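I'll drop the sequence and a predicted model, then ask my questions.
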Amino acid sequence: MTATNANGLTSTDAWKSLSDHFEQIKDKHLRQWFAEDADRAKTFTVDAIGLTLDYSKNRINAETVQQLTRLAESAQLKQHIEAMFKGEKINVTERRAVLHTALRAPREAKIEFEGENIVPGVHEVLDKMSGFCSRVTDGRWKGHTGKPIRNVVNIGIGGSDLGPVMAYEALRHYSNRNLTLRYVSNVDGTDFFEATRDLDPAETLFIVSSKTFTTLETMTNARSARSWLLSGLGDDESAVAKHFVAVSTNAEKVKEFGIDTDNMFVFWDWVGGRYSMDAAIGLSTMLAIGPKHFRELLDGFHEMDQHFRTAPFDQNLPVIMGLLTVWYANFFGASTVAVLPYDQYLKRFPAYLQQLTMESNGKSTTLAGTRVDYDTSPIFWGEPGTNGQHSFYQLIHQGTHLIPCDFIAFVNSLNPRGSHQDYLVANVIAQGEALAMGKTQQQVKDEGTEAELIPHRVFEGNRPSNTLLIDRLTPAVLGKLIALYEHSVFVQGVIWQIDSFDQWGVELGKVLAQQIIPELQSTDSPLNHDSSTNQLIQRYRELKSS
Ligand SMILES: O=P(O)(O)OC[C@H]1O[C@H](O)[C@H](O)[C@@H](O)[C@@H]1O
């Protein structure tokens, strides 16, 4: 049992004063806030680096922002930001630096880590990736039978999958339509089967993406890929070199698997898995969109990094969004955040954010080793608009939970078609308005609603949302959006005094699975688990052999 956190965050003056402030304003309605202040929208909007964040539909006033920024100051957020950018080992439980910001630094930047400038190494890998991508897409890289590559299958999971899949979907508009990209992550054999069933092995390249190169799912899928390839190409082992490349930090394991380390793209210990899509883990993204667009993506990340590092807190997009997340999680008791992108290309963005946010901040032990006495990461979830409106928005509007929403909308569609975009954007704006303003009993009554239906048709309102309004979805904008959430997560972690960069919580299940695998494969080995676990293993054995 960890000790309690009795003298930590919740005992600070900044926290106590925020709690008092919360008591004063917690019941005030957004209708009232807006009625009292004609400038409210302007006051709570930040325009920075091509993004507009309107956060005026939050349950805050100017004092809330001041108090939240005071909380950030008392948590020494500025010093923590510098410590991250300077490569201090802020991932204390893994004793690692956290330098994903170096992955998108321009060529001429200088970032020292352990006495060495790491930027040239970053660009060396990016150059190697660019050269490789050009060879594949212009047909110089040939498969074993001399055919060019037409299909690329990325095998990876977690951070070695979610970012690349999300970016592939998000940037389809910019992608090379002559190349088919597929992603295999699940150890469920169906994932591999369906991803490859219509592909010709002679034209297929596998990217085995794994930071550690030991992950069960990825190594199992990589072995199946090798068998699939070899059985399609006459069992000639030399085919592997032409059809497999690896992305990893672990050269030894890559070699052991049989992939030539010349065909390996490295990254480093100081890049966390869920922060690695802009490292070589983005190889499939670069193949899809080309090196130039990939550079634009990185430049977008970098712009947000600079903004985060230099903008004053009350004008700083990730700081504002991070602090608002803390505000709702800890003061209003909101246990989830909905991320609702109004762009079909961002359909995997909420899924990607789930790992980024929840693997980072789903912790209950502080850096001091004490048990937190406050909530940490809310649950992030979402679906693209307008689809969500026709399923779960009912609960957001009239349910019993308070669900802060992040709306992400674009002015210009990448596929303009009649009035589609006006309809789409009208919907996102309408949702924010409906959530905030609601509809009173009087309004419902004045519409002539039957008395007994009135309570059902009232919308309480006062439901908070952020709206990000952006010109159009470009590679640079995607980079900015991802970095916005990365840094917002960082801000939350600093306030909560947790290590946002470890993930010990995923270990136990993995270890137990390793023990259960041979038990499922045996028919009679003794079982020493709890009775439920024993029963499930036993039932599996029986049904498998029947
Ligand atoms: O890239 P890999 O080493 O294969 O790891 C893939 C994933 O596995 C783990 O379960 C971690 O929780 C993730 O953070 C990681 O992204």
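Looks like it arrived, so ask away.

Please enumerate the strands of the stretch 151-300 of the chain.
Ranges of strands in the stretch 151-300 of the chain, per DSSP state E, counting those that start in this stretch, are 151-155, 180-184, 204-209, 244-248, 264-266.

next structured bit after the longest helix along the chain?
If you go by DSSP state H, the chain has its longest helix at helix 283-310. Downstream of helix 283-310, the first helix or strand assigned by DSSP states H and E is helix 317-326.

hmm, who's touching that following helix?
46, 48-49, 51, 53, 55, 58, 60, 65, 68-69, 71-72, 77, 304, 307-308, 311, 313-314, 337, 378, 404, 406, 464, 466, 483-492, 495-496 (C-beta atoms under 8 Å, 6 or more residues apart in numbering). C-beta coordinates here come from the backbone N, C-alpha and C atoms, glycine included.

before we move on, what about stretch 10-29?
Contact with stretch 10-29 is made by 9, 59-61, 63-64, 67-68, 70-71, 73-75, 331-332, 373-374, 461-462, as judged by C-beta under 8 Å, 6+ apart.

What distance do you get for residue 230 to the ligand?
The spacing between residue 230 and the ligand, counted by C-beta to the nearest ligand atom, to the nearest Å, is 23 Å.

now do residue 125
16 Å.

ok so that residue is a strand residue?
No: Residue 125 is assigned helix when assessed by DSSP: H, G, I helix; E, B strand; the rest coil, not a strand.

who touches the residue nearest to it when sequence neighbours are not counted in this structure?
The shortest distance from residue 125 to any non-neighbouring residue, by C-beta to C-beta, 6 or more residues apart in numbering, is to residue 280 (5.5 Å). Residue 280 makes contact with 125, 129, 247, 265, 266, 267, according to C-beta under 8 Å, 6+ apart.

got the residues you listed as a markdown table, with neighbour count columns?
Listed next are those as a markdown table, based on neighbours: other C-beta atoms under 10 Å:
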| residue | neighbour count |
| --- | --- |
| 125 | 18 |
| 129 | 22 |
| 247 | 29 |
| 265 | 22 |
| 266 | 18 |
| 267 | 22 |
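
Up against the ligand, what does the stretch 101-250 of the chain have?
Residues of the stretch 101-250 of the chain lying close to the ligand (C-beta under 6 Å from any ligand atom) are 157, 158, 159, 160, 210, 211, 212, 215, 218.

ignore the last one, the chain
Contacts of the chain with the ligand, taken as C-beta under 6 Å from any ligand atom, map to 157-160, 210-212, 215, 218, 273-274, 359, 503, 506.

The protein - how does it break down into domains?
Using the TED database, the domain ranges for the chain come out as 30-89+311-496, 112-294.

possible to save those domains as TSV with mean pLDDT?
Converted to TSV, the domains of the chain look like this (pLDDT from 0 to 100):
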stretch	mean pLDDT
domain 30-89+311-496	98
domain 112-294	97
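
out of these, nearest to residue 520?
With respect to residue 520, and counting by C-beta to C-beta, the nearest of the domains of the chain is domain 112-294 at 13.1 Å.

What distance separates the opening and closing residues of the closest one?
End-to-end distance for domain 112-294: 24 Å, by C-alpha to C-alpha, to the nearest Å.

Using PDB, write out every CA atom in stretch 127-142.
Only the C-alpha atoms of stretch 127-142 are listed here, as PDB (Å, rounded to 0.1, in the frame of the first residue of the first chain):
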ATOM      1  CA  ASP A 127      17.000  11.200 -44.500                       C
ATOM      2  CA  LYS A 128      17.400   7.400 -44.500                       C
ATOM      3  CA  MET A 129      13.500   7.100 -44.300                       C
ATOM      4  CA  SER A 130      13.100   9.600 -47.200                       C
ATOM      5  CA  GLY A 131      15.600   7.800 -49.400                       C
ATOM      6  CA  PHE A 132      13.900   4.500 -48.600                       C
ATOM      7  CA  CYS A 133      10.400   5.900 -49.300                       C
ATOM      8  CA  SER A 134      11.500   7.400 -52.600                       C
ATOM      9  CA  ARG A 135      13.000   4.000 -53.700                       C
ATOM     10  CA  VAL A 136       9.800   2.200 -52.800                       C
ATOM     11  CA  THR A 137       7.400   4.700 -54.400                       C
ATOM     12  CA  ASP A 138       9.300   5.200 -57.600                       C
ATOM     13  CA  GLY A 139       9.800   1.400 -58.000                       C
ATOM     14  CA  ARG A 140      13.500   1.200 -57.500                       C
ATOM     15  CA  TRP A 141      13.000  -1.000 -54.500                       C
ATOM     16  CA  LYS A 142      12.000  -4.400 -55.900                       C
END
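
Run through the helices of the stretch 1-150 of the chain in chain order.
For the stretch 1-150 of the chain, the helices defined by DSSP state H, counting those that start in this stretch occupy 13-25, 30-36, 40-43, 62-74, 77-85, 119-137.

got TSV for those, with distance to residue 475 too?
Converted to TSV, the helices of the stretch 1-150 of the chain look like this (distance: least, C-beta to C-beta, whole Å):
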stretch	distance to residue 475
helix 13-25	38
helix 30-36	35
helix 40-43	30
helix 62-74	30
helix 77-85	23
helix 119-137	14
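
and residue 231, which of those is closest to it?
helix 119-137 (23.2 Å).

Tell me the helices and strands packed up against the longest helix of the chain.
For helix 283-310, the packing partners by 3 or more C-beta pairs under 8 Å, 6 or more residues apart in numbering; DSSP states H and E come out as helix 77-85, helix 119-137, strand 151-155, helix 162-170, strand 180-184, strand 204-209, helix 317-326, helix 475-496.

Now tabulate the ones you listed in TSV and tack on distance to residue 97.
Converted to TSV, the helices and strands packed on helix 283-310 look like this (distance: least, C-beta to C-beta, whole Å):
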stretch	distance to residue 97
helix 77-85	8
helix 119-137	14
strand 151-155	26
helix 162-170	20
strand 180-184	29
strand 204-209	22
helix 317-326	20
helix 475-496	14
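
what about residue 82, how many neighbours?
Using other C-beta atoms under 10 Å, residue 82 has 12 neighbouring residues.

Any figure for the gap between it and the ligand?
Residue 82 is 25 Å from the ligand, where distance means C-beta to the nearest ligand atom.

ok, now residue 422?
Distance, residue 422 to the ligand, by C-beta to the nearest ligand atom: 40 Å.

Kindly report the same for residue 341.
Residue 341 sits at a distance of 22 Å from the ligand (criterion: C-beta to the nearest ligand atom).

among the helices and strands packed on helix 283-310, which is nearest residue 541?
strand 180-184 (28.0 Å).

which residues touch residue 161?
Taking C-beta under 8 Å, 6+ apart, one finds 154, 183, 185, 209 in contact with residue 161.

what about 10 Å?
Applying C-beta atoms under 10 Å, 6 or more residues apart in numbering, we find residue 161 in contact with 154-155, 183-186, 209-210, 217-218, 273, 277, 281, 284, 352, 355.

now do residue 160
Taking C-beta under 10 Å, 6+ apart, one finds 154, 185, 207-213, 215, 217-218, 247-248, 273-274, 276-277, 281 in contact with residue 160.

Over to residue 304?
By C-beta under 10 Å, 6+ apart, residue 304 lies in contact with 48-51, 101, 104, 317-318, 476, 479-487.

JSON lines for the strands of the stretch 151-300 of the chain, including distance to residue 171?
Listed next are these as JSON lines, based on distance: least, C-beta to C-beta, whole Å:
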{"stretch": "strand 151-155", "distance to residue 171": "14"}
{"stretch": "strand 180-184", "distance to residue 171": "11"}
{"stretch": "strand 204-209", "distance to residue 171": "17"}
{"stretch": "strand 244-248", "distance to residue 171": "18"}
{"stretch": "strand 264-266", "distance to residue 171": "19"}
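
out of those strands, nearest to residue 391?
Closest among these, using C-beta to C-beta: strand 180-184, at 24.9 Å.

May I have the closest one exported as PDB, CA atoms only?
Written as PDB, here are the backbone C-alpha positions of strand 180-184 (Å, rounded to 0.1, in the frame of the first residue of the first chain):
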ATOM      1  CA  THR A 180      -2.000   0.200 -50.500                       C
ATOM      2  CA  LEU A 181      -1.400   0.700 -46.800                       C
ATOM      3  CA  ARG A 182      -2.600  -1.800 -44.200                       C
ATOM      4  CA  TYR A 183      -2.200  -2.000 -40.400                       C
ATOM      5  CA  VAL A 184      -2.000  -5.200 -38.400                       C
END
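
Lovely, talk soon.
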